[in-house]
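1. Output the structure for:
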Amino acid sequence: MGIKDKVQGGPATRSTGGRDAGAGRIRLAGAAVLLGLFMIHSSLDGSSPPAPAAASPASSGPARAKAAPPSAPAGSAAPQGPAMAASAPTRLTIPAIGVNAPFTKLALDKGGVLQPPPNTDSNLVGWYGAGASPGERGTALVLGHVDTKRGPAVFWGLGALKKGSKVEITRADATTAVFTVDSVEVFPKNNFPDERVYGDTPSAQLRLITCGGTYDHKRRDYTSNVVVFAHLDSSRKR
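-> Have a look, this model is predicted:
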């Protein structure tokens, strides 16, 4: 299902003449859980965020079986690779693109839509708290804005990451989870591979998600999503 427009137009408050994205939703495959990912396009210039090395949108591939929602550990699948105990993330660091940002926990509203990180803070990322915590076995979801009306935001450079790039997440239990990027892909919002991105896994996985692709001025939204796929490589005590 991917990220789809929820409302027409952008937030109620925006600068006159500025460009902003429409609101969006992500539906987890096999679950009635919706995550709202709101993006407000920069009104400062016409620049676009960096695109992954394979700039053409990735295909969602053949149809897949519905995956279990990532809010629970894998069931029958045998555990694979290193994993950590559950603990809330506190800070995200991505040296390759200069990211050093605190976390906020994303919660569902009454309609089952996960509220996005506030767009008033361009250096803030959100973690889906009902899912796996980063480093825990399963798929941890981290969302961030690509830009705001004031300019580039925390995940502006996400598409510039490459296979082998490191992502570090400091956690409340005084440990740091170190992830290695496996791939960076672009998916059209109208052909988003839910199961591949959100599906539960027997290993500790991380997904970093933001908007990308071309900015559609008519719809006031980006046409695609950038998704970073990464796995837990190691951990350390602070």
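
2. so what's residue 89 up against?
-> Residues near residue 89 by C-beta atoms under 8 Å, 6 or more residues apart in numbering: 103, 127, 133-134, 140, 142, 169-172, 177. Bear in mind the C-beta positions are built from the backbone N, C-alpha and C, glycine included.

3. sorry, that was for residue 105
-> For residue 105, the contact set (C-beta under 8 Å, 6+ apart) comprises 88, 126-127, 129.

4. Now, of those, which are buried?
-> 126-127, 129 (16 or more other C-beta atoms under 10 Å).

5. So which of these is the closest to residue 205?
-> Nearest to residue 205, judged by C-beta to C-beta, of these is residue 127 at 13.7 Å.

6. Tell me which strands the helix or strand hosting the closest one pairs with, and in which orientation.
-> For residue 127, the element it lies in under DSSP states H and E is strand 125-128. Note on strand 125-128: by DSSP bridges, its sheet partners are strand 99-106 (parallel), strand 138-144 (antiparallel).

7. Okay, buried residues for stretch 95-110 please.
-> Using 16+ other C-beta under 10 Å as the burial criterion, the residues of stretch 95-110 that qualify are 97, 99, 101, 103-104, 106, 108.

8. State the pair within the residues you listed that is farthest apart.
-> Of all pairs in these, the most separated under C-beta to C-beta is 97 and 108 at 29.3 Å.

9. how about residue 144, what does it touch?
-> 101, 117, 124-126, 153-155, 158, 208-210.

10. closest to residue 225 among these?
-> residue 209 (6.1 Å).

11. That closest one: which element?
-> Secondary structure (DSSP H and E) places residue 209 in strand 204-216.

12. what's the next secondary structure element after that strand?
-> strand 221-237.

13. now the angle from that next one to strand 204-216?
-> Counting by axes from the mean of the first three to the mean of the last three C-alpha atoms, to 10 degrees, strand 221-237 lies at 160 degrees to strand 204-216.

14. What pairs with strand 221-237, parallel or antiparallel?
-> Here strand 221-237 has these sheet partners by DSSP bridges: strand 175-188 (antiparallel), strand 204-216 (antiparallel).

15. Out of the ones you listed, which is the most enclosed?
-> Among these, ranked by average contacts under mean count of other C-beta atoms under 10 Å, first place goes to strand 204-216 (a mean of 23).

16. Tell me where the chain has strands.
-> Applying DSSP state E to the chain gives strands spanning 3-5, 24-27, 34-36, 89-94, 99-106, 113-114, 125-128, 138-144, 147-148, 151-152, 166-171, 175-188, 204-216, 221-237.
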